[in-house]
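1. I need the structure of the sequence given here:
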Amino acid sequence: MKLLILDRDGVINEDSDDYIKSLEEWIPIPSAIAAIARLSKAGWTVAVATNQSGIARGYYDLATLDSMHARLRELVEEQGGELGVIQYCPHGPDEGCDCRKPRPGMLRRIAAHYGVDLAGIWFVGDSSGDLEAALAVDCQPILVKTGKGERTLAKTLPAGTLVFDDLAAVAAHLLQ
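-> Numbering: from 1, shown residues only. Predicted coordinates for the structure are as follows:
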């Protein structure tokens, strides 16, 4: 199985330091939607692992999150692709869960869902927490410069991190 795991905010859609609190605030990056569809049509399974502490903070509810993910699936399907499983962490940063990145719980759940080993699987994110979660389960850490990526790039990156301009560039690399 060719599996690619993506962070959501800043990779697939525009990010906001004020949180994405409604379907109207969820603004897809068009080239990212097209990249997911292209990968899917080429035989890749594309899954998502996303921290969504806005739920714990009371900024939005599960129905709102579900509407964002339904819209994401719809946009990918409109371009002939399919999005795989979406794992999300609804917890706040102080709740001590195993799923909130940089902890690798969501990545492990994706691996269990598909019955795969995570060693070498690419995990694409825009933050240090994404890269740390990837390393914790032997995934290949991939940083994109969208979202918080430029800020993250200014920090010391984990050894072996690959850097791309955006998800479209990741897809182009994987499909060449």
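
2. any idea how far Ile12 is from the residue nearest to Gly149 when sequence neighbours are not counted?
-> Among residues not flanking Gly149 along the chain, Asp126 sits closest, at 4.1 Å (C-beta to C-beta, 6 or more residues apart in numbering). C-beta here means a position set from N, CA and C on the backbone, and glycine is covered the same way. Relative to Ile12, Asp126 is positioned 10 Å away (C-beta to C-beta, to the nearest Å).

3. and for Leu3?
-> From Leu3 across to Ile12, the span is 16 Å (C-beta to C-beta).

4. comparing these two, which residue is more hemmed in?
-> The neighbour comparison of Leu3 against Ile12 (other C-beta atoms under 10 Å) goes to Ile12, with 27 against 19.

5. and that one, what's its pLDDT?
-> For Ile12, the pLDDT comes out at 98.

6. the one 10 residues further on too?
-> Ser22 is assigned 97 on the pLDDT scale.

7. my read is that it contacts Asp61, right?
-> No. If you go by C-beta atoms under 8 Å, Ser22 and Asp61 don't touch, sitting 10.5 Å apart.

8. in the chain, which spans are helices?
-> In the chain, helices defined by DSSP state H lie at 30-41, 62-78, 105-114, 128-136, 149-153, 167-175, listed in chain order.

9. which one of the ones you listed lies nearest to Cys89?
-> Comparing these against Cys89 with C-beta to C-beta, the closest turns out to be helix 105-114 (6.0 Å).

10. fine, thanks again, bye for now.
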